[in-house]
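S.K.: Return a 3D structure for these sequence lines:
(chains A, B and C)
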Amino acid sequence: MSELLKLEQVARAMEGIGTPEAVKANRIRVPTTPAKVKEAVRRALTDLACDHVVQIAAVDNGKAFELIYHLTGPHRTVVAIAIELPRDKPEVATASDLLPPAGIYERQIHDLLGIVFVGHPDLKRIILNEDWPANEFPMRKDWKPNPNTFYGGVRKEAT
Amino acid sequence: MAEVVVPIGPHHPALKEPVNFKVVADGETIVRLELDVSYNHRGIEKAAEQRDFVRVVPLLERVCGICSHSHTTVFVKGIEEAMKLQLPPRAQYIRTIVAELERMHSHFLWLGVAAHEIGFNTLFMWTWRDREAVQDMLEEMTGNRVNYGINEVGGVRRDLTTDQIQAALKRLPHLEDRIAKYVDMVNHEQTMMIRFRGVGKLSRVDALKLGAVGPTARASGVDYDIRKDDPYIAYADVPWKVVTDTHGDVYGRTLVRIGELQESLQIVRHCLENLPAGPIKVTSPRAAPKGEVLSRYEAPRGELVHFIRTNNTDKVERLDIRTPTLANWTSVAVSLVHQNLADIPVVVAAIDPCLSCTSRITIVNERGRKTGELTWDELSAHGRAFYRNGRRA
Amino acid sequence: MDAILLAVYILLFPGFLFLLAYAFFFQFLDRKISARMQNRVGPPFLQPFADFVKMLGKEVIDVKGMDRKAFDAAPILALAAVMTAFLYVPIVGNSPLAFQGDLILVLYLLTLPTIVLFLLGWLSRNVFATIGGVRAVTQMFIYEVPFFLALLTPALMAGSWSITDIVAWQQSHLWLAVLQPIGFVVALIGLQAKLERTPFDIPEAETEIVAGPWTELTGRRLALMHLTLDVSMVVGSALVAALFLGGPLVPWTITPDWLSWIVGFALFFVKTLGVLLVLASIKVATGRIRIDQLNDVGWKYLATAAIVQVMIVLLMNYWWVSA
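M.R.: As a prediction, this is how the structure comes out:
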């Protein structure tokens, strides 16, 4: 097991992308913008020796959408790259070419929050059922199920 | 034979839970796999946002039957981290004992299932018989064989009496013998060896690149184990080793899981014998201060992550769950191409899929109507029934 | 033989009625032995019979667009084939229907169930069933050659193509299991493959292709096909017992005729149960192998062993004749 990453190492690697802060001894958070997030991930993979993506957390904080890419490596420190996306146009470049498991994670986030990952090879349904209506994103804070919409499953007439 | 699409699922005897794998096959060789995991969708993350912490714990327990303790532990330890609570050591030890017993019963179950997938029913019957000893221990300690209900924010709900500890310790030597026999079997039994060796091979580079976790990754030489990397509950106090292997195929994963069985048994024995005295919980405040926590746990299937955001209330603002099975799916899809149809059950079973964990997301059932739940699946019926009960609570 | 006695022989004992009862008994013993070896309890004595009766009464579901007449006829054809095969195997003394070449007839009739399974797989209009049917026939091509060779070497040694004669030959010489041990082992393994039991239950691999060619069989069709499998197990065991273990004849003569018949019958019982015990043990102790691995095992080891056995028998014959 190698040493935990130090704040200065991360700051150096993320030069021009964002200022890291050490939230915990083994978690360092780097806030940045959607335009620079792919570069941040690339630097984490190459300069900070991260080789494992832990999670891509997606949050609706009421005002905007947040995406936090958690990466880790042999140094056992979690590098958390955080961005904010505007509600009316939540788009960001896909990370699935750099991180293959992101292919599945991004499909799930798209299903639930409606964030569009530009450049994703196949952004189709994975977690919601196939007859779920389009453009309804359940994990958004302002989503409420419409009593007149059919959300899939067995129709009343059929029972 | 021309290319044939063989649907594996959603209803298929090989799958314990529904998932739709569309396999495009050329004769017996697999060309491509397509995946759809929506069948066990139950609305748990959204439901968690509307319940206070006390009520979320039983909700999370029902994400999955086999890893129920994993989900509750990772959640309560995240909330405790946000609240900056210090837990008494006895509570940590009890949580560790139940966690390792859960790992043991899950790995025994897996061994049986893998044997059943290759038609070796005798081993299936034997491992599940041994698993009963673990279930008996869990039932004596927590009152239930699955969904133990032992966690709460601030500690554990039940204590262990000396009788229970003695009864549990008495069962361990027999289990040790049986596990040693299974090690022997895996190394010498011919049909197991030809069906497991070389199947579903995942190199170390691929395991890391495709995001594999847990025994699947450790069988390829990746030594990530959250219990050592980011220690929680009592793992830092107990002497144990991470089990890895270099084979990278189903055989390697079998060896890793059996090795973990042995390690878990030692951890349980150590914790039972050295259980510190003291209280089993601390009073926790009702609300959690504003913060963001990434809580990680080594579930029997791999790394389980709960991302929790709290906001000074008694509810979470966001609970984002990433289960080990979702992390392992990509590696399955890649490692099955060019393999035989006959190997699908073994390779899928080798990552120990827990689809209930994987498909838990949002559907809100406002007025008792069926909205988006999957009525052709028994598990979803259970989820719906839970929903109705939960809403009454 | 008298016409009435012949009718009794064919229909009652040791013909069809006895065969059916014995098939159920065999299935019970097989399941009980497997269960005890797996640390389970196993079914009660009448379970196979109860299963059969229950299945006969269940709803028959037809796949849309399938050939119903053919689908109905196929299981009956398979059952008829194996039941007829039984008549030529000596159970109590000699078979009254014996003739030169009945060994070939029996072997031919025993292959019919597999062909019927393939047919059922094809007729089912179901991708799982088709794959299963193809696997059943592929498996047949692999094990049938060694199996046939192993069962023909007794004929070579005894110098006759009639099972009854081969049994009689063993009365004055040693059991053929002793004289041809390789052939005996290959025959047993081939029998396990013919009956599609683990490790050779590829066509029915439940965890991969639902139930293979059995997928769309329901109700009485399933009951009859299942019964066919049980009867094949009895016929196969009886055949192996007759050809290698001396059948129902005692190695010494017993004077009251009826006593020798009873002893012979008891011996037949014991010998077929012995074969069943071996088959059940193999089933419990192994897992399923893949079709390509079976190909390997079948041609590399089984076929070679069978051919070696044939050569040995030819040499031995030459030796004895010249001696």
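
S.K.: so what's residue B:179 up against?
M.R.: Residues touching residue B:179, when contacts are defined by C-beta atoms under 8 Å, 6 or more residues apart in numbering or on different chains, comprise B:258, B:261, B:262, B:265. (Glycine included, C-beta is placed from N, CA and C.)

S.K.: In three-state terms, label it for me.
M.R.: Following DSSP: H, G, I helix; E, B strand; the rest coil, we place residue B:179 in the helix state.

S.K.: pLDDT value on it, please?
M.R.: As predicted, residue B:179 sits at a pLDDT of 94.

S.K.: likewise residue A:155?
M.R.: At residue A:155, the model reports a pLDDT of 71.

S.K.: most surrounded residue in the contacts of residue B:179?
M.R.: Across the contacts of residue B:179, the neighbour count under other C-beta atoms under 10 Å in any protein chain shown reaches its highest value at residue B:261, namely 28 neighbours.

S.K.: From the structure, what's the count of residues near residue B:340?
M.R.: The number of residues packed near residue B:340 is 19, by other C-beta under 10 Å.

S.K.: residues contacting it?
M.R.: B:28, B:29, B:30, C:290, C:292.

S.K.: tell me the strands in chain A, going along the chain?
M.R.: Ranges of strands in chain A, per DSSP state E, are A:21-24, A:27-31, A:52-60, A:64-72, A:78-86, A:91-93, A:116-118.

S.K.: Next one: the residue nearest the centre of chain A from residue B:64, what distance?
M.R.: In chain A, the C-alpha nearest the mean C-alpha coordinate belongs to residue A:56, at 3.7 Å (C-alpha atoms, centre = their mean). When C-beta to C-beta, to the nearest Å is the yardstick, residue A:56 and residue B:64 sit 21 Å from each other.

S.K.: which helices and strands does the helix ranked longest in chain A pack with?
M.R.: Secondary structure of chain A read by DSSP state H shows that its longest helix is helix A:102-113. Applying 3 or more C-beta pairs under 8 Å, 6 or more residues apart in numbering or on different chains; DSSP states H and E, one finds that helix A:102-113 makes contact with strand A:52-60, strand A:116-118, helix B:324-336.

S.K.: List the contacts of the first one.
M.R.: In this case it means strand A:52-60. By C-beta under 8 Å, 6+ apart, the surrounding residues in contact with strand A:52-60 are A:65-73, A:78, A:95, A:99, A:101-102, A:105-106, A:109, A:112-113, A:115, A:139-141, B:208, B:211, B:213, B:224, B:294, B:296, B:303, B:305, B:307, B:309, B:317-318, B:320, B:322.

S.K.: Only the buried members of those residues: can you turn that into a PyMOL selection?
M.R.: What follows is the PyMOL syntax selecting those of the contacts of strand A:52-60 that are buried according to 16 or more other C-beta atoms under 10 Å in any protein chain shown:
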select buried, (chain A and resi 65+66+67+68+69+70+71+72+73+78+95+99+101+102+105+106+109+112+113+115+139+140) or (chain B and resi 208+211+213+224+294+296+303+305+307+309+317+318+320+322)
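
S.K.: Find the nearest non-adjacent residue to residue C:284, please.
M.R.: The shortest distance from residue C:284 to any non-neighbouring residue, by C-beta to C-beta, 6 or more residues apart in numbering or on different chains, is to residue C:37 (4.5 Å).

S.K.: pLDDT below threshold where in the chain?
M.R.: Unless you meant another one, I'm taking chain A. Screening chain A residue by residue with the criterion pLDDT under 70, one finds the ranges A:1-2, A:156-159.

S.K.: oops, chain C please
M.R.: By pLDDT under 70, the weakly predicted segments of chain C are C:1, C:203-210, C:251-255, C:322-323.

S.K.: For chain A, see how far away the spatially most central residue of it is.
M.R.: Most central residue of chain C, judged by C-alpha distance to the mean C-alpha position with C-alpha atoms, centre = their mean, is residue C:236 at 2.5 Å. Residue C:236 sits 49 Å away from chain A, going by C-beta to the nearest C-beta, to the nearest Å.

S.K.: Quick check: that residue touching residue C:195?
M.R.: Yes. In this structure residue C:236 lies within contact range of residue C:195 using C-beta atoms under 8 Å: 6.4 Å.

S.K.: related to what we said a few turns ago, how deep is the residue nearest to residue C:284 tucked in, by neighbour count?
M.R.: When neighbours are defined as other C-beta under 10 Å, residue C:37 has 16 of them.
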